[in-house]
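S.K.: Predicted model and sequence follow; I will ask about them next.
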Amino acid sequence: MYRRIVGSPRTQRLFGRLIRIGRDPEMAPSEARYVVLSNIIAMLGVAFTLGFAPILLISGSLVFPALQIVYALGYLPTFWLNHRGHRVAATTWLVLSSHLLAVSQVLVEGTELDVHMFFMLHTMLPFLVFAPRHNKLMVTLSALAGVDMVVAVVLGDHLPHLGPVIPLERLQVIRPILLGGLFATLAACAHYARRATLIAEAAADRAHQRSEELLLNILPPSIARRLKLSGGTIADGFAEVTVLFADIVGFTRMSSLLPPERIVGMLNDLFCRFDDVAGRLGLEKIKTIGDCYMVAGGLPEPRADHTEAVAEMGLAMLDIVADLAARTGEPLTIRIGIHAGPVVAGVIGKRKFIYDLWGDTVNIASRMESHGIPGAIQLSDAARRRLAGKYRMEPRGMIDVKGKGAMETWLLQGQLDEVPAATAAS
């Protein structure tokens with residue numbers, strides 16, 4: 001902003017150093033703003049006061065211009081106090097020195113020049129330069145300026161006039177200039193307040209947008225809306241959902257052999273590509289636990305083809321892992337398990353909350369993965385029935401599932417209209 005006020009680069013650098021006096025690099029931006037603002041107003045006070053010195057020569061007396069120089073010096077301690085880190089003292093001095101300047105001008109020059117009108121500016125100044133936590137101090141200083149304004153207006157004719165009398169014809173020249181400067185300053189303060197408000201509103205809008213995006217990264221959109229509207233417990237039952245678990249085979253051993261940044265980078269690349277596929281298929285990523293990836297279809301909005309979509313997800317995951325293994329040269333293999341059935345879904349936690357699933361369907365899908373074959377997609381019989389007539393599947397046989405006993409399982413090969421690689425080669 002100051003580049004529009006000052007001209008040459010050297011002047012800009014000097015101005016920039018002055019307004020940053022007392023600003024700590026580690027200071028919060030909201031706190032630093034008040035330090036910079038107090039320096040700017042002190043500089044404007046010096047410039048404004050000295051600028052009126054030659055104008056007051058019109059009065060015919062050297063007393064008034066000389067006093068303007070003295071008044072200008074009164075603003076300088078603001079910079080010293082800010083430099084020493086006494087920020088509240090610096091701001092208080094700035095407001096009081098401006099106020100005392102106007103009081104002394106009324107006593108020396110009387111009310112003929114309308115200098116008492118500057119008390120209007122002093123009622124606003126505390127609210128511009130003090131942080132909100134200093135509310136009592138800013139109200140007190142503003143009220144003091146208001147009282148002095150009333151006293152000057154009501155008792156102006158009875159106040160002592162300590163300086164020389166200014167001839168009427170010269171008074172008529174000085175007064176419009178002085179009042180013009182006052183109203184220009186008031187307009188500048190109003191503009192600054194409006195600009196600061198617009199900037200704060202824009203920052204609040206950006207923060208709100210970021211929080212919305214973050215919430216939508218954590219929760220499905222419909223669940224996020226319900227959470228914001230009600231704030232209560234969110235728990236839904238779904239009669240038909242398909243759940244997929246995927247786990248990288250030998251990841252624990254691999255993580256002990258490779259550098260941490262290589263492991264995290266590889267896992268991030270893999271899971272980001274999984275996320276893209278889940279988004280394209282309209283599936284809901286539930287969570288990742290270490291190297292395990294969990295995704296579901298058919299919630300939070302039910303859909304008839306949820307098992308088919310999850311099957312496509314599993315097939316795409318095999319291709320992604322094979323591609324990454326070829327590119328990196330690492331022996332990457334994934335094991336996938338799928339099951340379909342009823343679940344309970346809801347949001348749990350107060351901090352770092354998640355949208356999670358519970359029920360036998362989740363447990364069986366997890367067992368399908370853990371009892372599966374590396375590089376293959378193992379299906380429960382419930383998932384197989386939903387895919388029958390659309391996908392090629394071969395029986396694996398019965399496996400013993402903890403808590404469930406023997407369960408019939410199948411291996412997903414691909415869609416029925418796809419030609420197997422062995423057949424195509426022959």
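M.R.: Good, I have the coordinates. This is a predicted model, so every value here is computed, not measured.
S.K.: Let me see the backbone angles for G297.
M.R.: Per-residue torsions, G297: phi -120, psi 150 (degrees, to the nearest 10).
S.K.: Now it. Nearest residue, chain neighbours left out?
M.R.: Spatial nearest neighbour of G297, excluding adjacent residues (C-beta to C-beta, 6 or more residues apart in numbering): H306 at 3.4 Å. Where C-beta positions appear, they are placed from N, C-alpha and C, glycine not excepted.
S.K.: And that neighbour, how far from V150?
M.R.: In this structure, H306 and V150 are 75 Å apart, going by C-beta to C-beta, to the nearest Å.
S.K.: What of H134?
M.R.: Distance of H134 to V150, given as C-beta to C-beta: 24 Å.
S.K.: Next: L100.
M.R.: Noted for L100: a distance of 17 Å to V150, by C-beta to C-beta.
S.K.: Between those two, which has more neighbouring residues?
M.R.: Taking neighbours as other C-beta atoms under 10 Å, L100 and V150 compare with L100 leading, 14 against 11.
S.K.: residues in contact with D305?
M.R.: Residues in contact with D305 (C-beta atoms under 8 Å, 6 or more residues apart in numbering) are G297.
S.K.: what do you get for the one 4 residues further on?
M.R.: With contact taken as C-beta under 8 Å, 6+ apart, A309 is in contact with T242, L281, G282, L283, G297, R303.
S.K.: Please tabulate those residues in JSON lines and include neighbour count and secondary structure as additional columns.
M.R.: Listed next are those as JSON lines, based on neighbours: other C-beta atoms under 10 Å; DSSP: H, G, I helix; E, B strand; the rest coil:
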{"residue": "T242", "neighbour count": "32", "secondary structure": "strand"}
{"residue": "L281", "neighbour count": "18", "secondary structure": "helix"}
{"residue": "G282", "neighbour count": "12", "secondary structure": "coil"}
{"residue": "L283", "neighbour count": "24", "secondary structure": "coil"}
{"residue": "G297", "neighbour count": "27", "secondary structure": "strand"}
{"residue": "R303", "neighbour count": "16", "secondary structure": "coil"}
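S.K.: Farthest pair within these?
M.R.: The span of the contacts of A309, defined through C-beta to C-beta, is set by T242 and G282 at 12.3 Å.
S.K.: what is in contact with the two at once?
M.R.: With C-beta under 8 Å, 6+ apart, T242 and G282 have common neighbours G297, A309.
S.K.: just the helices in the stretch 1-150 of the chain please.
M.R.: Using DSSP state H, counting those that start in this stretch, the helices found in the stretch 1-150 of the chain span residues 9-19, 29-55, 63-73, 77-83, 87-109, 119-129, 135-154.
S.K.: Present the ones you listed as TSV; the columns should include mean pLDDT and distance to A340.
M.R.: Shown next, in TSV, are the helices of the stretch 1-150 of the chain (pLDDT from 0 to 100; distance: least, C-beta to C-beta, whole Å):
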stretch	mean pLDDT	distance to A340
helix 9-19	74	66
helix 29-55	78	52
helix 63-73	77	82
helix 77-83	86	68
helix 87-109	78	64
helix 119-129	78	63
helix 135-154	79	60
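S.K.: what's the closest of these to G372?
M.R.: Nearest of these to G372, taken as C-beta to C-beta: helix 29-55 at 52.4 Å.
S.K.: what's the offset of that closest one from the middle of its chain?
M.R.: 31 Å (C-alpha atoms, centre = their mean, to the nearest Å).
S.K.: Output the contacting helices and strands for it.
M.R.: When contacts are defined as 3 or more C-beta pairs under 8 Å, 6 or more residues apart in numbering; DSSP states H and E, helix 29-55 packs onto helix 9-19, helix 63-73, helix 77-83, helix 87-109, helix 119-129, helix 168-218.
S.K.: Can you lay out these as TSV showing distance to I354?
M.R.: Listed next are these as TSV, based on distance: least, C-beta to C-beta, whole Å:
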stretch	distance to I354
helix 9-19	47
helix 63-73	62
helix 77-83	47
helix 87-109	43
helix 119-129	44
helix 168-218	7
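S.K.: Report the contact partners of A235.
M.R.: Residues near A235 by C-beta under 8 Å, 6+ apart: V344, A345, G346.
S.K.: Next, give phi and psi for it.
M.R.: As for A235, its main-chain torsions (degrees, to the nearest 10) stand at phi -150, psi 130.
S.K.: got a markdown table for the helices of the stretch 1-150 of the chain, with distance to S256 too?
M.R.: Formatted as a markdown table, the helices of the stretch 1-150 of the chain follow (distance: least, C-beta to C-beta, whole Å):
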| stretch | distance to S256 |
| --- | --- |
| helix 9-19 | 53 |
| helix 29-55 | 43 |
| helix 63-73 | 71 |
| helix 77-83 | 55 |
| helix 87-109 | 52 |
| helix 119-129 | 59 |
| helix 135-154 | 58 |
